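A.B. asks: No letters, just coordinates:
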């Protein structure tokens, strides 16, 4: 009864929001369009983005501005859910926001490393981060080098893991991205027991544990197939957390002498049924399909729980990924079939 009372209002709100998410038919129709302005017109009529897209003039209808508006809608949904949550649910959302913080810092590293002539345009994120994050956008936008960027994060939890990289040579953007991703996953895994209890802890452990396992499988596969990396270098890529993949099994996968042997070892895992590398799907889509199955099953079994919030945010983020991909495909005049392939991940 406690969870029912705590989540009844949240579940009602999220169900109303989810009803306005785009479905497969919507994306098929979007793939048939011929320009970004046509996509905007479609979204104004068919989706929850109408009220934010109406603020864009015809001159502003290009991918950069539209992506900002779409991200703003994600932040708006997060804020709406946050307002309906009680103390326990808000603790989870405050932990969840670290993924948005890592995305922001990664973006800033790209700016300073690539020396863009117009370095920062983060005003559209400022209100959200001022309210929900420890990160000061006002500080970040003054950064012109990686060292300055790291120093401008000094009052945040991200300073120490990034500071350790300053002492090394030949550090790349990939190294910064990897350090942040590994830190964020380790943080959530460590703090989950302080944030949630009993059934909700079990759900979050299953969701994030599986996500970490799947990411590690994906990174091992890509490192071996596309980059022919040595085992010692592959180990450095991995999140050092094991949920259903034992240390011994990870060792077998990393040190497999071939992709064929990797596939054979992978069949020992509980993920094999949903993570079949022999299907005509990209590895990224297999990763997303597994998470979709996991999150939606958890929500169906435990509707009055953290699973409802976690699943909605995942679905919203997936919608934004598909929309930005579709806009890029339409912009470059790809066929509807090619566009849907990129959105869904099936090979052409």
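C.D. replies: Okay, I see it. Given the structure is predicted, the values throughout are model-derived calculations rather than measurements. Numbering: from 1, shown residues only.

A.B. asks: burial count for residue 212?
C.D. replies: Per other C-beta atoms under 10 Å, the neighbour tally for residue 212 reads 23. Yep, even glycine has a C-beta here, placed from its N, CA and C like the rest.

A.B. asks: give me the number of residues near residue 285?
C.D. replies: Residues near residue 285, counting by other C-beta under 10 Å: 19.

A.B. asks: low-scoring stretches of the stretch 51-200 of the chain, by residue?
C.D. replies: The model of the stretch 51-200 of the chain has pLDDT under 70 over residues 57-63, 117-119.

A.B. asks: For it, just list every one of the helices.
C.D. replies: According to DSSP state H, counting those that start in this stretch, the stretch 51-200 of the chain carries its helices in the segments 63-84, 87-96, 98-114, 123-132, 137-140, 146-151, 159-166, 173-195, 198-225.

A.B. asks: Could you pull out the buried residues of the last one?
C.D. replies: Of the residues in helix 198-225, those buried under the neighbour-count criterion (16 or more other C-beta atoms under 10 Å) are 200, 203-204, 206-221, 223-224.

A.B. asks: Following the chain onward from it, which element is next?
C.D. replies: helix 231-237 (DSSP states H and E).

A.B. asks: Can you spell out which helices and strands pack onto that following helix?
C.D. replies: If contacts are counted by 3 or more C-beta pairs under 8 Å, 6 or more residues apart in numbering; DSSP states H and E, helix 231-237 sits against helix 198-225, helix 247-254.

A.B. asks: please redo it, this time with the cut-off set to 10 Å
C.D. replies: Using 3 or more C-beta pairs under 10 Å, 6 or more residues apart in numbering; DSSP states H and E as the contact test, the elements touching helix 231-237 are helix 173-195, helix 198-225, helix 247-254.

A.B. asks: helices or strands up against the last one?
C.D. replies: Spelled out, that is helix 247-254. Taking 3+ C-beta pairs under 10 Å, 6+ apart as the contact cut, helix 247-254 packs with helix 198-225, helix 231-237, helix 259-266.

A.B. asks: Can you lay out the ones you listed as a markdown table showing distance to residue 24?
C.D. replies: Shown next, in a markdown table, are those (distance: least, C-beta to C-beta, whole Å):
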| stretch | distance to residue 24 |
| --- | --- |
| helix 198-225 | 23 |
| helix 231-237 | 33 |
| helix 259-266 | 29 |
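
A.B. asks: burial measure for residue 24, as a count.
C.D. replies: Residue 24 - counted by other C-beta under 10 Å - has 10 other residues nearby.

A.B. asks: Also residue 330?
C.D. replies: 21.

A.B. asks: related to what we said a few turns ago, most packed of the helices of the stretch 51-200 of the chain?
C.D. replies: Comparing the helices of the stretch 51-200 of the chain by mean neighbour count (mean count of other C-beta atoms under 10 Å), helix 198-225 comes out on top with a mean of 19.

A.B. asks: Kindly reformat the helices and strands packed on helix 231-237 as TSV containing distance to residue 304.
C.D. replies: Shown next, in TSV, are these (distance: least, C-beta to C-beta, whole Å):
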stretch	distance to residue 304
helix 173-195	18
helix 198-225	10
helix 247-254	35
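
A.B. asks: can you tell me which residues contact the nearest residue to residue 130 once chain neighbours are set aside?
C.D. replies: By the measure of C-beta to C-beta, 6 or more residues apart in numbering, the closest residue to residue 130 outside its immediate chain neighbours is residue 137, 7.4 Å from it. Counting by C-beta atoms under 10 Å, 6 or more residues apart in numbering, residue 137 touches 104, 108, 120, 122, 123, 125, 126, 127, 128, 129, 130.

A.B. asks: quick one: which two of the residues you listed are the most distant?
C.D. replies: Maximum pairwise distance among these (C-beta to C-beta): 17.7 Å, between 108 and 127.

A.B. asks: Of all the helices and strands packed on helix 247-254, which one comes closest to residue 285?
C.D. replies: helix 198-225 (10.7 Å).

A.B. asks: before we move on, the earlier item: tell me the one of the contacts of residue 137 nearest residue 168?
C.D. replies: residue 108 (19.4 Å).

A.B. asks: surely that closest one meets residue 129?
C.D. replies: No - at 11.8 Å, residue 108 does not count as touching residue 129 under the criterion of C-beta atoms under 10 Å.

A.B. asks: Quick one, which of the helices of the stretch 51-200 of the chain gets closest to residue 267.
C.D. replies: Of all the helices of the stretch 51-200 of the chain, helix 198-225 comes closest under C-beta to C-beta, at 12.2 Å.

A.B. asks: Show me what the closest one is packed up against.
C.D. replies: By 3+ C-beta pairs under 10 Å, 6+ apart, helix 198-225 packs against helix 2-18, helix 87-96, helix 173-195, helix 231-237, helix 247-254, helix 259-266, helix 283-301, helix 306-331.

A.B. asks: Report the buried residues of the longest one.
C.D. replies: Applying a neighbour-count criterion of 16+ other C-beta under 10 Å, the buried positions in helix 306-331 are 306-316, 318-319, 322-323, 325-327, 329-330.

A.B. asks: Mind checking the helices and strands packed on helix 198-225 for the one nearest to residue 112?
C.D. replies: Across the helices and strands packed on helix 198-225, closest to residue 112 is helix 173-195 (C-beta to C-beta), at 9.7 Å.

A.B. asks: Could you report the distance from residue 51 to residue 20?
C.D. replies: Per C-beta to C-beta, to the nearest Å, residue 51 is found 11 Å from residue 20.
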